[in-house]
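Enquirer: A structural model of the following input is requested.
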Amino acid sequence: MSNPPIYVSKDMAQYVGGVITEKTHKNITATTIQLALGSADQPPATGWTAPDVDISVNTYTRQVKMLIDNTQILGTYWLWAKITDNPEIIPVRGSQVIVVD
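Expert: Predicted coordinates:
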């Protein structure tokens, strides 16, 4: 069962994001994470930015969020995360659709 969509009003600002956990408990506090909005099928080619919120919960878990504001074009998106590490992890898609209306 998928998570319900996140609706963001065009006139409002709202944070969207989630928790990234390294399953083997490797330290990811210095790992570079970038977020971007894209389609469900593939990661976006451009638009990658540092999270607006990036909190280390512990050495292997980080909470990251992107602010969606009134500059975002109306549409339906997925939040993608790019984790730069060694080896680099292929961009992963979030579990919720984001609808800016």
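Enquirer: given the worst-scoring helix or strand of the chain on mean pLDDT, what are its sheet partners and their directions?
Expert: The helix or strand of the chain with the poorest confidence is strand 89-100; it has a mean of 84 (mean pLDDT, DSSP states H and E). Paired neighbours of strand 89-100 in the sheet (DSSP bridges): strand 6-8 (parallel), strand 75-84 (antiparallel).
Enquirer: buried set for the longest one?
Expert: It refers to strand 75-84. Y77, W78, L79, W80, A81, K82, I83 (16 or more other C-beta atoms under 10 Å). (Each C-beta comes from the backbone N, C-alpha and C, glycine too.)
Enquirer: what's the answer for the shortest one, then?
Expert: Along strand 6-8, these residues count as buried under the neighbour rule (16+ other C-beta under 10 Å): I6, V8.
Enquirer: beyond that strand, next helix or strand please.
Expert: As assigned by DSSP states H and E, the chain's next helix or strand after strand 6-8 is strand 14-21.
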